[in-house]
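Participant: Need coordinates for the following:
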Amino acid sequence: MQCELMIDPLNSATGFTVLGNDTTNLAAATTRFGGSASLEFDKANGAANTVFAGAYKTIDKVIPSRLLLPTRKVYITGYFSAVTNLAYAFARVGTDASNYIEWRWADSLFTAGAFTLAEATLGTAYVTGTGWAEDSNDDVDLDYLAVGAAFDAETNTLADIKLQRLYIGD
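Facilitator: Take a look at the predicted model:
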């Protein structure tokens, strides 16, 4: 099966909200790997005291369940100015901020200072709450999307994080 299903191009900051005050400078960046732009933000040592930097938004996406084989891949393009304190990049999709599926891409998959395409297997997702909802056709109904990065310590900072093109493919 040769197929690509775009979850989000991550080419605009419109509709996105930062996960908390450990994320700053959310914007669309003209620096990108293909496409028109990338989603950019920084990890700060904010008062939230978390290891996370990222953003979320409401989406309206239905994915046919027949495309969600556990062996298929989910891809993201990431740019990190440094990977020294990076633990992993993540993408969350689901019903809301309490019910989602999360994929993680280890720091070792990224090259500092370069756009890198990283893949994870759909079946390796972490589930929070009830995960995602299925509609009356057993298709997956996605209303929530979050992308970002986790760091080794809450005090870690990093400027110039860019994410682009979250999609499912073969």
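
Participant: contacts and neighbour counts: CA atoms only from here.
Facilitator: Fine.

Participant: quick one: secondary structure of the residue sitting furthest away from the middle of the chain?
Facilitator: Distance from the C-alpha centroid of the chain, by C-alpha atoms, centre = their mean, peaks at S136 (26.9 Å). Put simply, S136 is coil when judged by DSSP: H, G, I helix; E, B strand; the rest coil.

Participant: Let me know the pLDDT of it.
Facilitator: Predicted confidence (pLDDT) for S136: 70.

Participant: low-confidence ranges in the protein?
Facilitator: Residue ranges of the chain with pLDDT under 70: 1-3, 32-34.

Participant: 90 - rerun?
Facilitator: The model of the chain has pLDDT under 90 over residues 1-5, 29-37, 46, 48, 63-71, 131-139, 141, 170.

Participant: in it, which spans are strands?
Facilitator: 4-8, 17-18, 23-29, 38-43, 52-63, 73-80, 86-96, 99-106, 116-121, 126-128, 133-134, 140-151, 158-169 (DSSP state E).

Participant: okay, those, which one's buried deepest?
Facilitator: strand 38-43 (a mean of 26; mean count of other C-alpha atoms under 10 Å).

Participant: other SSEs contacting it?
Facilitator: When contacts are defined as 3 or more C-alpha pairs under 8 Å, 6 or more residues apart in numbering; DSSP states H and E, strand 38-43 sits against strand 23-29, strand 52-63, strand 158-169.

Participant: Which among those is found nearest to P9?
Facilitator: Taking C-alpha to C-alpha, strand 158-169 is the member of the helices and strands packed on strand 38-43 nearest to P9, at 4.2 Å.

Participant: how much does the closest one deviate in direction from strand 4-8?
Facilitator: Here the directions of strand 158-169 and strand 4-8 differ by 140 degrees (axes from the mean of the first three to the mean of the last three C-alpha atoms, to 10 degrees).

Participant: Can you name every helix or strand that strand 158-169 contacts?
Facilitator: strand 4-8, strand 38-43, strand 73-80.

Participant: and G169, which of those strands is closest to it?
Facilitator: Minimum separation from G169 across these (C-alpha to C-alpha) falls at strand 4-8, 4.5 Å.

Participant: Quick check, V62 in contact with S136.
Facilitator: No. Using C-alpha atoms under 8 Å, V62 is not in contact with S136; the gap is 11.5 Å.

Participant: hang on, the earlier thing: with distance to S38 added, can I get the helices and strands packed on strand 38-43 in TSV?
Facilitator: Listed next are the helices and strands packed on strand 38-43 as TSV, based on distance: least, C-alpha to C-alpha, whole Å:
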stretch	distance to S38
strand 23-29	5
strand 52-63	13
strand 158-169	5
